[in-house]
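**Student:** need a structure here:
(4 chains)
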2 protein chains.
Amino acid sequence: MLSKKSQYAFKALTYLAAKYNQGPVLISEIAKKKKIPLKFLENILLELKKADILDSKKGKGGGYFLAKSPDKVKMATVIRLINGPIAMLPCVSLYFYERCKNCDEKHCGLHDIMLEVRDATLNIVENRTLKDLIV
Amino acid sequence: MLSKKSQYAFKALTYLAAKYNQGPVLISEIAKKKKIPLKFLENILLELKKADILDSKKGKGGGYFLAKSPDKVKMATVIRLINGPIAMLPCVSLYFYERCKNCDEKHCGLHDIMLEVRDATLNIVENRTLKDLIV
DNA sequence: AAAATAGCCTACCAAGACGATAGACTACTT
DNA sequence: AAGTAGTCTATCGTCTTGGTAGGCTATTTT
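**Tutor:** This is a model prediction of the structure:
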């Protein structure tokens, strides 16, 4: 399951994607429109900024905005950043890989099936961007 | 990610599937062979028994065994029981559905994509059984 | 009937994740 | 200088996770 934090992140990003190239948007505006706790949203946006997905401007007329066009931000990137691994097992994860103890990956049925699941999932979230979230 | 509990459950079930129709197996034997904490495994097996996946026999010569043939136990069933929802959002879950607040499911891009992910995942785990885990 | 075996049940606990909040600080604009 | 708005650090209650302890109950063997 995606954490609430991830859901908030997607809501905020979708909001900013819809306003792409229209200047900075206040955290408070996003919080109000998307009904996200203000201070919690601050953390999330900061994290997205540090990952170069968002950029910001301080002072009057400031706010947050997308650092690149919506179709350049993959869903997989956001999920990995805010939610963590996409795979169901560490031993089939591309970005959070960990060797499986007590189980030979070469001869593990669970490993093989979870690899299939991972690929099916990645096939979707690696090929969808923020642009696809705007309806 | 699957919890450790889920991974233990699959290891134990795989072990029992390989010994299907060969009589009861001791918890302690499974724990030792699969390197699972004994008392933790007790809980897991009991839960699987209550879900009619396993059955048990008490006293000497007792132990646990599969309640039905390995090809009748779907991976999806085990995951839902031990790990919880398979979908990434409550609003696209079949067995753990919850209405999405602040988001119209009819016009939500995230909803649509997560529905795709769910279906891709289910397509795999609903069609694989314990039999497929034995290698 | 007694003893031994092995699963069943209830309770508990430490550590960490999750969701959220508070307050002070820094940078930019007017 | 004043005001605005993002940045940083810290904290906090609750829930989940992973694991442990100990006694109870049912079954079998002696």
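**Student:** who in chain A is up against DNA strand C?
**Tutor:** Taking Cβ under 7 Å from any atom of the strand as the measure of proximity, chain A contacts DNA strand C at A:3-5, A:8, A:37-40, A:42-43, A:57-62, A:84. (Each C-beta comes from the backbone N, C-alpha and C, glycine too.)
**Student:** PyMOL command for the buried members of those?
**Tutor:** Remark: buried members of those, expressed as a PyMOL selection using 16 or more other Cβ atoms under 10 Å in any protein chain shown:
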select buried, chain A and resi 5+8
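**Student:** Quick check: helices, which of the residues of chain A next to DNA strand C are part of them?
**Tutor:** If you go by DSSP state H, the residues of chain A next to DNA strand C have A:4, A:5, A:8, A:38, A:39, A:40, A:42, A:43 in helices.
**Student:** Using a markdown table, lay out the residues you listed together with pLDDT.
**Tutor:** Below are these laid out as a markdown table (pLDDT from 0 to 100):
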| residue | pLDDT |
| --- | --- |
| A:4 | 97 |
| A:5 | 98 |
| A:8 | 98 |
| A:38 | 98 |
| A:39 | 98 |
| A:40 | 98 |
| A:42 | 98 |
| A:43 | 98 |
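**Student:** contacts with DNA strand D among those residues, please.
**Tutor:** Contacts with DNA strand D within these, counted by Cβ under 7 Å from any atom of the strand: A:39, A:42, A:43.
**Student:** Does residue A:56 touch residue A:49 like I think?
**Tutor:** Yes: applying Cβ atoms under 8 Å, one finds residue A:56 in contact with residue A:49, separated by 5.8 Å.
**Student:** what is in contact with those two at once?
**Tutor:** Residues touching both residue A:56 and residue A:49 (Cβ atoms under 8 Å, 6 or more residues apart in numbering or on different chains): residue A:64.
**Student:** Name the residues that touch the one helix or strand residue A:17 maps to?
**Tutor:** For residue A:17, the host element (DSSP states H and E) is helix A:4-18. Contacts made with helix A:4-18 from outside it, assessed by Cβ under 8 Å, 6+ apart, are listed as A:2, A:25, A:30, A:33-34, A:36, A:40-41, A:44-45, A:48, A:53-54, A:64-66, A:70, A:73, A:78-79, A:82-83, A:130-131, A:133-134, B:89, B:102-103, B:109-110.
**Student:** now stretch A:30-42
**Tutor:** A:5, A:8, A:11-12, A:15-16, A:27-28, A:44-45, A:64, B:101-102.
**Student:** What pLDDT does the model give residue A:135?
**Tutor:** For residue A:135, the pLDDT comes out at 80.
**Student:** Tell me who's in contact with it.
**Tutor:** Residue A:135 makes contact with B:107, B:108, B:109, B:112, according to Cβ under 8 Å, 6+ apart.
**Student:** quick one: it is in a helix?
**Tutor:** No: counting by DSSP: H, G, I helix; E, B strand; the rest coil, residue A:135 falls outside a helix, being coil.
**Student:** how close does it sit to residue A:75?
**Tutor:** Note on residue A:135: its distance to residue A:75, by Cβ to Cβ, to the nearest Å, is 15 Å.
**Student:** who touches the residue located most distally from the centre of chain A in this structure?
**Tutor:** Distance from the C-alpha centroid of chain A, by Cα atoms, centre = their mean, peaks at residue A:107 (32.8 Å). Applying Cβ under 8 Å, 6+ apart, we find residue A:107 in contact with residue B:135.
**Student:** What pLDDT is listed against it?
**Tutor:** 82.
**Student:** Can I get stretch A:41-57 in PDB, CA atoms only?
**Tutor:** Taking Å, rounded to 0.1, in the frame of the first residue of the first chain, the C-alpha atoms of stretch A:41-57 are listed here in PDB:
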ATOM      1  CA  LEU A  41       3.000  19.000   3.300                       C
ATOM      2  CA  GLU A  42       6.000  21.300   4.000                       C
ATOM      3  CA  ASN A  43       8.100  18.200   4.700                       C
ATOM      4  CA  ILE A  44       6.900  16.400   1.600                       C
ATOM      5  CA  LEU A  45       7.500  19.300  -0.800                       C
ATOM      6  CA  LEU A  46      11.000  19.900   0.700                       C
ATOM      7  CA  GLU A  47      11.800  16.200   0.100                       C
ATOM      8  CA  LEU A  48      10.600  16.500  -3.500                       C
ATOM      9  CA  LYS A  49      12.700  19.600  -3.900                       C
ATOM     10  CA  LYS A  50      15.900  17.900  -2.600                       C
ATOM     11  CA  ALA A  51      15.200  15.200  -5.200                       C
ATOM     12  CA  ASP A  52      15.100  17.900  -7.900                       C
ATOM     13  CA  ILE A  53      11.500  17.200  -8.800                       C
ATOM     14  CA  LEU A  54      10.400  20.500  -7.400                       C
ATOM     15  CA  ASP A  55      12.000  23.900  -7.100                       C
ATOM     16  CA  SER A  56      11.000  26.900  -5.000                       C
ATOM     17  CA  LYS A  57      11.200  30.500  -4.500                       C
END
